[in-house]
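> Quick one, fold the following:
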Amino acid sequence: MSADIPLNINIKEPRWDQSTFVGRASHFFTVTDPRNILLSDAQLENARKIVHDYRQGIVAPGLTEDDLWRAKYIYDSAFHPDTGEKMVLIGRMSAQTPSVVFWQWINQSFNAIVNYTNRSGDAPITVSQLGTAYVSATTGAVATALGLNALTKHVSPLIGRFVPFAAVAAANCINIPLMRQRELKFGIPVTDENGNRLGESTKAAQQAITQVVISRILMAAPGMAIPPFIMNTLEKRAFLKRFPWMSAPIQVGLVGFCLVFATPLCCALFPQKSSMSVTRLEPELQAKIRENSPELEHVYFNKGL
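As a prediction, this is how the structure comes out:
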C-alpha cells in the first residue's frame, strides 16, 4: 500500500530527543495537554487505530507525519503504555486538577487513582490488593497532612501558608509507594534497548518510584510556594479588604496557572523510558542477563508518572 509518510518512524518513542530537558518538556507538554480529556471515545479510538495500523505498516491515504504524531500523543494520553488499556479519565495525567479545591481525603483518593493508573509494569493487581493499598495510602497520607496542618497554630501566618506544601510532599512519599507497593515487592519489567523483556526487577521499581515521588513533590512546589507570597501581599491591599470573597478564586487561579506549567515540566525531569546499569540490578537477574546477553550494560523500564 502506498503511503504519504515513511513507514520507519519510531512512534514507540517520543517525538523529541529525550536526552535533553527541552525535549522531555516538549513531550510532556503534549502528553499532559488538558484538551485531551475533552476528546470523545470515537476520537480516542480513531487515534488508537491510526497508531495500531501504522505499526502494522498500514497508512490511511492523506495521513501526514504531524497527524501520526498527534494520534500517537492522543493514544499515549489515554491508554496505558504497558497494558494498552484505556485509563480511567480522572487518572490520566492530562486530568490533573489543583489539590487545593479538594479536602484531604478526596485529594488523596484522587492521588491514589493517579498513582495506580500511571504505575509501571503490566502485572495484574487483585481487588483485595488494590483496596488494601488504597486504604493504606489515603489513611497514611491524610493522617500525615492533618498532623502537619496542626502545626499552623504554632507558626507565623506566612510560614503557615507553606505547611500544606510540606503536607503534600509527605503525602506523596506515602501515597505513591503504597499504591505501587506490588512493584516494590515483585518488580517491574526491564528490557534491552530494543524492548526485549529480560525479567522483573525490584531495584528498577525503587528507582522508578523515587523519580516519580521527586517529580510529584516538585510539581506541587510552584503552586504551593508562589501563591502564598502573592496572597500575603494582596491581603494587605485595599482590593481584598473590599472583596474578601475573591481570595479563594484568586488562590485557585494561581495554583491552576502554576500547574499548567509545573505538571509537564516536572514530568520531564526524568525520561519516561528510564534506564539503569545492569550492575545495579539484583544478583540473580544480573546472572541471567550475563548468561543470555553478556555485552548488555544497561536495561530500560517504564518509570510510570
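> The strand or helix carrying Ala169: which residues count as buried?
Element membership for Ala169 (DSSP states H and E) is helix 163-179. For helix 163-179, a neighbour-count test (16 or more other C-beta atoms under 10 Å) marks 163-165, 167-179 as buried. Using the backbone N, CA and C atoms, a C-beta is placed for each residue, glycine as well.
> count of residues packed around Ala238?
Ala238 has 7 neighbouring residues, counting by other C-beta atoms under 10 Å.
> List the contacts of it.
Ala238 is in contact with no residue at all, counting by C-beta atoms under 8 Å, 6 or more residues apart in numbering.
> Compute the distance between it and Glu45, please.
54 Å (C-beta to C-beta, to the nearest Å).
> can you tell me which helix in this protein is longest?
helix 202-234 (DSSP state H).
> returning to what we had before: widest-spaced pair of the buried residues of helix 163-179?
Greatest spatial distance among those (C-beta to C-beta): Val163 and Met179, at 23.8 Å.
> Tell me the bridge partners for Gly199.
Judged by DSSP bridges, the bridge partners of Gly199 are Val190.
> That one is in contact with Lys288, isn't it?
Yes. With contacts counted by C-beta atoms under 8 Å, Gly199 reaches Lys288, the gap being 6.1 Å.
> out of these two, which sits in the busier spot?
Gly199 (18 against 14).
> Tell me where this protein has helices.
Using DSSP H, helices in the chain cover 21-31, 41-55, 65-78, 104-117, 127-149, 157-160, 163-179, 181-186, 202-234, 238-242, 247-267, 283-292.
> a markdown table please, covering those helices and showing distance to Asn10 and mean pLDDT.
Below are the helices of the chain laid out as a markdown table (distance: least, C-beta to C-beta, whole Å; pLDDT from 0 to 100):
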| stretch | distance to Asn10 | mean pLDDT |
| --- | --- | --- |
| helix 21-31 | 14 | 83 |
| helix 41-55 | 10 | 87 |
| helix 65-78 | 10 | 86 |
| helix 104-117 | 25 | 63 |
| helix 127-149 | 34 | 68 |
| helix 157-160 | 49 | 65 |
| helix 163-179 | 30 | 75 |
| helix 181-186 | 27 | 84 |
| helix 202-234 | 22 | 83 |
| helix 238-242 | 53 | 74 |
| helix 247-267 | 21 | 79 |
| helix 283-292 | 24 | 88 |
